[in-house]
Structure formats: C-alpha cells, structure tokens
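J.: quick one, fold the following:
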Amino acid sequence: MLKISSLKKLVTDSMAVDLGTASTIIAVKGRGVVLDEPSLVAINELTEEIVAFGQEAADMTGREGRDINVLAPMRGGVVGDFERTKKMLAHFVKVAKTGGSNISIHAVMSMVSDVTHVEQRALLNAADDAGIGKVFMMEEGLAAAFGAGVLPTDKRASAIVDIGAGTTNVAVIAKGSIVHSTSERFGSNQINEVLATHLRRHRGLQVGEETTEHLKTSFVTAFLPDDISRATEVRGRDVQSGSPSAVEVTTGELYPIVEAIVRRIAETVKDTLTELRPEVAADIYDRGVILTGGGALLDGLDQYMRSHINLAVTISDDPRWATVNGLVKMFDDPELLERVARNELGALQNAEVPFEA
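T.: As a prediction, this is how the structure comes out:
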C-alpha cells in the first residue's frame, strides 16, 4: 500500500512562478506554461473587493466603471501592495493547479537580485497564503539564463540581460552560479511613461495605457528608423478642451524619447561588463550578450545594444518566457535547485502544508 508521503509525491504540483510587474507567468512541470496574464486587479472602490484579476482586469483598464479601479500590486519586480498581491497570486495559482486539487504545491519563484529581506518575506508570505507548501526563491537572472539555454555545467561565462516591465537585471553566469549581477528598478514601463508625457506636453493629447503599449510594441523603434516620416494616428483626449481628439505622430518624433530610456538600459549593461574579472570578460567577448524578458521584444533593441556595447547581442527564443522556463527546469535537477535557491530566511518556506486527503 502507498504511504501518504509517497502518494503526496505523486500528486504534488511542481510550479514555476514568475510574478512580474506587468505579467504573471506560471509553468507546471510536465505541462509547460499554463498561465500568462497581466499582474492586475480590478477593485470596487466602494466595497474594496477585488472584482477581476489578470486579463479580465486588463480589459477594463481605461474603460472602468464608475466605482472600479484597476491596479498593479507589483512594483519594480517586488510586492507593492501586499494584500492584493496575495489575493492575485492565490487566484492565479488556483487557475494553474491541476484539477483544482488541495494538494501541497512546490514552487520555484523568481526574484530580483537586489531584493531586500522585507521584500523577499512579502513574496514568501504571499506564496504561503496562496496555498504553496514549499517555496524556493531563485534569482531572476539565473532563471532567465537557464531558460535561454545556458547550461548549468558550462564553466565558461555567459551574460544575460533580462528586461522586464519594472526591472532590468544583468547577470553573468558561470558553472550554474551568478558571478556578477546588477539590478535596476526600471524597465520597459518607462517607455510607456515617456510616450504618454511627450504626447500630453508637446501634442496636447492625453492617452491611456493601452495606447502607449500599442505604440511601444508596434510603432516605435530602439534604433534610428530608416523612414523617420512613417506616421500613425494616436487617439485620446484633448488636454485643453477635454473632448475626444487625435494627433499624427512619426517614428522620427518618438525615436529620441524612446532612445533615452534604451540608452539607460544599455549604459547599465555596459557599466556591469566593466566590472568583470579578465577571464570572465574574455568569455563574454567571445559569446556576447543574451537578451531576455518582454522588453527584449522592442523593435531594434538588439541592434541598438550591439552598437552601444560593441559585442554580439542575441535575443533568446520566447524571451518573455525565459525566466519561467528556467525556473521549471529546476524540478529536473533537485541538487541544482538546492544549490541555487536563495532561502536564507529560516523555516517559513520549509514548513510543509498538512496533507489534505
């Protein structure tokens, strides 16, 4: 007869959770990515209750009902609003679970490299409240590297630049460990902000998040465009009259605004690469840099980065999913997971949730 402990091993969900500023992506061992939704909640202002999560909340953004407010509880890759992050994570975990079971879940979660103990504790508590029995925390840069195909056995160094919505992580990996890393609390969200500011100040047009996101993903470029007169119409609200309005913008007009943010990301990478030991620097010179994260999808970013740091730059396959793919790989190598997990905060994350029949 099976003992309860061995039965539990059969029914434990092994889950990888990339809880990001813009998106939450969850993969389950053996099933791949099962959830990829915006890290958003819609709140009823009168009752303080959450009325929608994820994509459903995102669909309300900018067109909310009178008493509804859409919020992002994660900021700069860390928990900004604990109660709402907790409820959002619990909802996503429930959606991702196999057959809605109450079985203990093991999870590996990513975190930014400069996370404070307080921020790490908030993530662990949120995971605990979401019904995750045992949580392993792992640095985002390392997870992204494994997800981008860097092998933990490779003794030569690789450089990964993970550009999220609220964070930019630069990690240099050798033999499955981080030899050097930098984390900045800014990312591709800053592009949305500067586009909105420019349109408001210089073109008298107020636009919403959906509009700036669309401009970022399908119109602007990180590298000086060949045709700077290519134009698109942007619709919104006239700042002075308040009435619906539209303006035409060109790639040439928006390029310098976007370039200022891209340059900041490239400078972070360049500065990090000047701090390496000679052997590591030699490896990176040979191999170049791998870009991961949603920000890597910005048109021309690899080209811009190449000209700025004078090294080969490649974008990983599925850059948005690199981190979660790296996290889920850890379940195939428990020894490596034990070695890379950053769980120095005592017994909380090791407390097993009681087995529920």
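J.: can you name the next helix or strand after the helix or strand hosting residue 269?
T.: Applying DSSP states H and E as the criterion places residue 269 in helix 251-273. Using DSSP H and E, the helix or strand that directly follows helix 251-273 along the chain is helix 278-287.
J.: and the angle from that next one to helix 251-273?
T.: Helix 278-287 and helix 251-273 are oriented at 150 degrees to each other (axes from the mean of the first three to the mean of the last three CA atoms, to 10 degrees).
J.: now helix 278-287: mean pLDDT?
T.: Here helix 278-287 scores 96 as its mean pLDDT.
J.: likewise stretch 324-342?
T.: The model assigns stretch 324-342 a mean pLDDT of 90.
J.: what about it, how long is it end to end?
T.: Using CA to CA, to the nearest Å, the end-to-end distance of stretch 324-342 comes to 16 Å.
J.: got the buried residues for that stretch?
T.: Going by neighbour count (16 or more other CB atoms under 10 Å), the buried part of stretch 324-342 is 324, 325, 326, 327, 328, 329, 330, 331, 337, 340, 341. In short, each C-beta sits where N, CA and C put it, glycine included.
J.: packing partners for the helix holding residue 269?
T.: strand 158-163, strand 168-174, strand 177-184, helix 189-203, helix 301-309 (3 or more CB pairs under 8 Å, 6 or more residues apart in numbering; DSSP states H and E).
J.: could you list every residue that touches residue 227?
T.: residue 251 (CB atoms under 8 Å, 6 or more residues apart in numbering).
J.: quick one: pLDDT of it?
T.: Value listed for residue 227 in the pLDDT field: 92.
J.: do you know how far the closest residue in space to residue 329 that isn't next to it in sequence is from residue 272?
T.: Spatial nearest neighbour of residue 329, excluding adjacent residues (CB to CB, 6 or more residues apart in numbering): residue 146 at 5.4 Å. Distance, residue 146 to residue 272, by CB to CB, to the nearest Å: 19 Å.
J.: in terms of neighbours, single out the busier of these two.
T.: When residue 146 and residue 272 are compared on other CB atoms under 10 Å, the one with more neighbours turns out to be residue 146, at 25 against 21.
J.: is the more buried one in a helix, a strand, or coil?
T.: helix (DSSP: H, G, I helix; E, B strand; the rest coil).
J.: name the SS class of residue 85, please.
T.: Of the three states, residue 85 takes helix under three-state DSSP.
J.: who's in contact with the residue nearest to residue 329?
T.: By CB under 8 Å, 6+ apart, the contact list for residue 146 reads 152, 325, 326, 329, 330.
J.: find the helix or strand that the third one is a member of.
T.: I take that to be residue 326. Per DSSP H and E: helix 322-329 holds residue 326.
J.: for that helix, name the packing helices and strands.
T.: The contact analysis (3+ CB pairs under 8 Å, 6+ apart) places helix 322-329 against strand 13-19, strand 23-28, strand 32-38, strand 105-111, helix 140-147.
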